[in-house]
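Asks: next come a sequence and a model predicted from it.
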Amino acid sequence: MKHFPAYYTIWHKSGHYGLRVFAFLVLLFLMLPILVIMPLSFNAEPFFTFTEGMLSLDPDAYSLKWYQEIIDDQKWRVAIRNSFVVGICAALIATVLGTLAAVGLASPWMPYKRVITALLLSPMIVPLIIIAAGMFFFYTQFNLVGTFTGLIIAHAALGVPFVIITVTATLSGFDRSLFVAGLSLGASPLKVFWDVVIPLIRPGVISGGLFAFVTSFDEVVLVLFLAGPEQRTIPRQMFSGLREQINPTILAVATLLVVLSALLLFVLEALRRRSVRLGGTG
Amino acid sequence: MKDISPATFLRFDNVKKSYDQKNLVVKGFDMDVRQGEFITLLGPSGSGKTTVLMMLAGFESVTSGDIAISGKSINNTAPNKRNIGMVFQNYALFPHMTVADNLAYPLSVRKMPRDQIKARVAEYLALVELSDFGDRRPGQLSGGQKQRVALARAMIFQPELILMDEPLGALDKNLREQMQFEITRLHKQIGFTVIYVTHDQTEALSMSDRIAVFNDGVVQQCAPPSELYERPVNAFVADFIGENNFVSGKVERIDGESAQIQTDAGTITAQVADGLTTGSDCKVSIRPEKLFIHPTDHAYDNALTVTFNTRIYVGDFIRYYFKLPDGTDIIVKVLNDLSAPEFNDGADAQLLSLAKDCIAFPDH
């Protein structure tokens, strides 16, 4: 039993437990839809419900056939490949551009800092559908609609704000005199940037890059507008899967995505801890 | 540039700095530094001393004037090409590199062969007595150790000039004294030239060959420590360096080097500072340790009549607070021996001093 301060009345105590129950319910509400798809993805039947066999834990009611389906189905294979190609390319572009932008914005001599920051962060704030419509008309002019280049550029633009935010956060703990010290030791500004600044802001750069990747990976609105059948990504495939051929393959894909996201989250956390350990800021 | 004596290593020639094109932060700085000298720029914060250092290091541009090393102007040389070592207040060690890698950095930038780097790093680690710490990261060192690494890193590429920007500011008192000793030792042993910036006058007095006292963008006086303390050229220096009493009065007569000053507490014979004119108001500075309380065996030229206010026991000496007739405090430091007298509150006393210890400054 928890030890309460002596002045606690019954109301204090019930409040204490009430808060816990409430917090738990909120957590459940958030997690349940995600957790429930995991066992369902092992359903032997092509349904989205728990069969009686599943509930009685009958091994025959479970199968890996929907996972097999992902591998066998040409459409899913292409979608997975597309998602990774677009995600990785977009994340790389966003990371490079976002890092450079953050470094520039952190400089004390940067003019119009607020306006530029707001502009660069706007893809995060402006409703996606508006961005998508705008991009569609704009990209048409350059024949970028329905191409990988167009989709990658669009996703990179969405990812840049995440990189700017994470890198700016690490840079705020960056001691400018380290840069000055590097110069005084005879290294060129570019060399100091590479040898000193980059290693110290690396956690921010990597987590920003991961965010950018995830953003691209589960983005569907821009894909709907800008991608042709060739550029079908996983979310796009799931979206059409929901309408056309309802079967638990989608659940299997979703489960894989959850596992992937969880892994990325662990990587981020590990990075944060590492940077704290090295005396930098998290 | 005119007549540079061969001994001049570093020269500031009418260097000015303005950030906004209106106000000068540094108003015409001139100085010739000899090879191997230890020069301190001392002054209150905002007096322009750090700006001078930053212009020398190349991190601030020179608005007008010229900075030259060995006769060559460095105004248009990039900071990383100046070959000047620098020690920062917050150490500025690279936290992601080991101590040895920090030391090796300036050498690898200069493309020194790897085995030579290793030998040189070991040599300089030994020099700052940190031989066993090469594999540590800066985060695992104490403040004093970090500053020793920073010193070694600034010296390891053997620059002829090393700049130090309040390097001991972040250390506690004991460590600060140790590091003062350490810096002086390395300076003597290796013979580099030091430009040292501080607002701590004890530090400046105990380490420097010469001190430039800054105020309001102007060097008030540039002289060896003892001269600065004994012969300040103006009231600012007299007040800023060490502790001082100021007695207001009127100049009655000037006879060459000495003057008769009429004050409420009595007439004072004092040394004449620049700008003093007969009949004008003046301030006479007298150091607390140069005043004696009557009766005394010391010889004296001047006597001031004051009233006793309070007495503070400091340990090795005792501080007496007296009041001048106009109400200003006058402080006397007396060694804590049998000669330290006792007074009743408000009692009258006589303070005695030598004419050579009193300096009369014009009072603006």
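Replies: Yes, it's here. Here the structure is a predicted model, which is why all the values come from computation and not from measurement. Numbers count the residues shown, from 1 in each chain, chains lettered A, B, ... in the order given.
Asks: C-alpha from now on. contacts and neighbour counts both.
Replies: Fine.
Asks: which residues touch residue 41?
Replies: Picked chain A for this. A:Trp66, A:Pro248, A:Thr249, A:Ile250, A:Leu251, A:Ala252, A:Thr255 (C-alpha atoms under 8 Å, 6 or more residues apart in numbering or on different chains).
Asks: wrong chain, I was asking about chain B
Replies: Per C-alpha under 8 Å, 6+ apart, neighbours of B:Leu41: B:Lys49, B:Ile195, B:Tyr196, B:Val197, B:Thr198, B:Ile211, B:Ala212, B:Val213, B:Phe214.
Asks: hang on, the earlier thing: pipe the contacts of A:Ser41 into JSON lines and attach pLDDT and distance to B:Met155 per row.
Replies: Formatted as JSON lines, the contacts of A:Ser41 follow (pLDDT from 0 to 100; distance: C-alpha to C-alpha, whole Å):
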{"residue": "A:Trp66", "pLDDT": "86", "distance to B:Met155": "67"}
{"residue": "A:Pro248", "pLDDT": "81", "distance to B:Met155": "69"}
{"residue": "A:Thr249", "pLDDT": "84", "distance to B:Met155": "66"}
{"residue": "A:Ile250", "pLDDT": "85", "distance to B:Met155": "65"}
{"residue": "A:Leu251", "pLDDT": "86", "distance to B:Met155": "64"}
{"residue": "A:Ala252", "pLDDT": "88", "distance to B:Met155": "63"}
{"residue": "A:Thr255", "pLDDT": "90", "distance to B:Met155": "59"}
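Asks: against B:Thr198, how distant is A:Lys191?
Replies: 31 Å (C-alpha to C-alpha, to the nearest Å).
Asks: again, but for B:Val284
Replies: Distance from B:Val284 to B:Thr198, by C-alpha to C-alpha: 27 Å.
Asks: likewise A:Val253?
Replies: Distance from A:Val253 to B:Thr198, by C-alpha to C-alpha: 65 Å.
Asks: repeat for B:Glu177
Replies: 14 Å.
Asks: which one's more surrounded, these two?
Replies: B:Thr198 (23 against 16; other C-alpha atoms under 10 Å in any protein chain shown).
Asks: show me the contacts for the nearest residue to the more buried one once chain neighbours are set aside.
Replies: Computed as C-alpha to C-alpha, 6 or more residues apart in numbering or on different chains, the closest residue to B:Thr198 that is not its neighbour in sequence is B:Glu166, at 4.9 Å. By C-alpha under 8 Å, 6+ apart, the residues touching B:Glu166 are B:Phe88, B:Gln89, B:Tyr196, B:Val197, B:Thr198, B:His199.
Asks: give me phi/psi at B:Glu166?
Replies: Per-residue torsions, B:Glu166: phi 40, psi 60 (degrees, to the nearest 10).
Asks: got it, and A:Ser56?
Replies: phi -90, psi 10.
Asks: burial count for it?
Replies: A:Ser56 has 9 neighbours, counted by other C-alpha under 10 Å.
Asks: can you tell me how far it is from chain B?
Replies: Distance, A:Ser56 to chain B, using C-alpha to the nearest C-alpha, to the nearest Å: 56 Å.
Asks: is B:Arg34 in a bridge, and if so with what?
Replies: B:Thr8 (DSSP bridges).
Asks: count of residues packed around residue 62?
Replies: The chain I'm using is chain A. 18.
Asks: not quite, I wanted chain B
Replies: 21.
Asks: so which strand or helix has the residue of the stretch 151-282 of chain A found nearest chain B?
Replies: At 4.2 Å from chain B, A:Gly186 is the closest residue in the stretch 151-282 of chain A, using C-alpha to the nearest C-alpha. Assessed by DSSP states H and E, A:Gly186 sits outside every helix and strand.
Asks: same question for B:Arg319.
Replies: strand B:317-323.
Asks: so which bits of the stretch 101-250 of chain B are right by chain A?
Replies: B:Tyr105, B:Pro106, B:Val109, B:Arg110, B:Gly139, B:Ala154 (C-alpha under 8 Å from any C-alpha of the partner chain).
Asks: select only the buried ones of these in ChimeraX?
Replies: Applied in ChimeraX, the following selects the buried portion of these according to 16 or more other C-alpha atoms under 10 Å in any protein chain shown:
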select /B:105,106,139,154
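Asks: reformat the residues of the stretch 101-250 of chain B next to chain A as CSV; add secondary structure and distance to A:Leu55.
Replies: Shown next, in CSV, are those (DSSP: H, G, I helix; E, B strand; the rest coil; distance: C-alpha to C-alpha, whole Å):
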residue, secondary structure, distance to A:Leu55
B:Tyr105, helix, 65
B:Pro106, helix, 68
B:Val109, helix, 68
B:Arg110, coil, 71
B:Gly139, helix, 56
B:Ala154, helix, 72
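Asks: which among the residues of the stretch 101-250 of chain B next to chain A gets closest to A:Arg20?
Replies: Taking C-alpha to C-alpha as the measure, A:Arg20 lies nearest B:Gly139 of these, at 39.9 Å.
Asks: my guess is the closest one contacts B:Pro95. True?
Replies: Yes - counting by C-alpha atoms under 8 Å, B:Pro95 is a contact partner of B:Gly139 at 6.6 Å.
Asks: my read: A:Gly146 touches A:Leu222, true?
Replies: No - counting by C-alpha under 8 Å, no contact exists between A:Gly146 and A:Leu222, whose distance comes to 11.0 Å.
Asks: quick one: contacts for the closest residue to A:Ala90 other than its chain neighbours?
Replies: Spatial nearest neighbour of A:Ala90, chain neighbours left out: A:Ala156 (4.3 Å); criterion: C-alpha to C-alpha, 6+ apart. By C-alpha under 8 Å, 6+ apart, the residues touching A:Ala156 are A:Cys89, A:Ala90, A:Ala91, A:Ile93, A:Ala94, A:Ala212, A:Ser216.
Asks: run a quick neighbour tally on the spatially closest residue to B:Ser70 that is not a sequence neighbour.
Replies: Spatially, and ignoring its direct neighbours in sequence, B:Ser70 is nearest to B:Phe9 (4.9 Å; C-alpha to C-alpha, 6+ apart). Using other C-alpha under 10 Å, B:Phe9 has 21 other residues around it.
Asks: model confidence for B:Phe9, exactly?
Replies: On the pLDDT scale, B:Phe9 is placed at 92.
Asks: related to what we said a few turns ago, among the contacts of B:Leu41, name the ones in helices.
Replies: Within the contacts of B:Leu41, residues falling in helices by DSSP state H are B:Lys49.
Asks: may I have the strands that pair with the strand holding B:Arg319, each with its orientation?
Replies: As assigned by DSSP bridges, strand B:317-323 forms pairs with strand B:302-313 (antiparallel), strand B:329-335 (antiparallel).
Asks: residues of the stretch 51-200 of chain A that sit close to chain B?
Replies: A:175, A:177-178, A:180-181, A:183-188, A:196, A:199-200.
Asks: if we go to 6 Å?
Replies: A:Ser177, A:Leu178, A:Leu183, A:Ser184, A:Leu185, A:Gly186, A:Ala187 (C-alpha under 6 Å from any C-alpha of the partner chain).
Asks: ok, now how distant is the second one from B:Pro95?
Replies: Plainly put, A:Leu178 is 9 Å away from B:Pro95 if you go by C-alpha to C-alpha.
Asks: the first one now?
Replies: In this view, A:Ser177 and B:Pro95 are 12 Å apart by C-alpha to C-alpha.
Asks: kindly report the same for the fifth one.
Replies: As judged by C-alpha to C-alpha, A:Leu185 and B:Pro95 stand 16 Å apart.
Asks: higher neighbour count, those two?
Replies: Neighbours were counted for A:Leu185 and for B:Pro95 using other C-alpha under 10 Å; A:Leu185 has more, 29 against 19.
Asks: now the phi/psi pair for that one, please.
Replies: Dihedral angles (degrees, to the nearest 10) for A:Leu185: phi -90, psi 0.
Asks: quick one: the helices in the chain?
Replies: You didn't say which chain, so I picked chain A. A:10-40, A:52-55, A:65-72, A:74-106, A:113-125, A:128-141, A:148-172, A:176-184, A:189-192, A:198-217, A:221-226, A:234-243, A:249-277.
Asks: please refer instead to chain B.
Replies: B:49-57, B:99-109, B:114-127, B:143-155, B:173-190, B:201-207, B:225-230, B:235-240.
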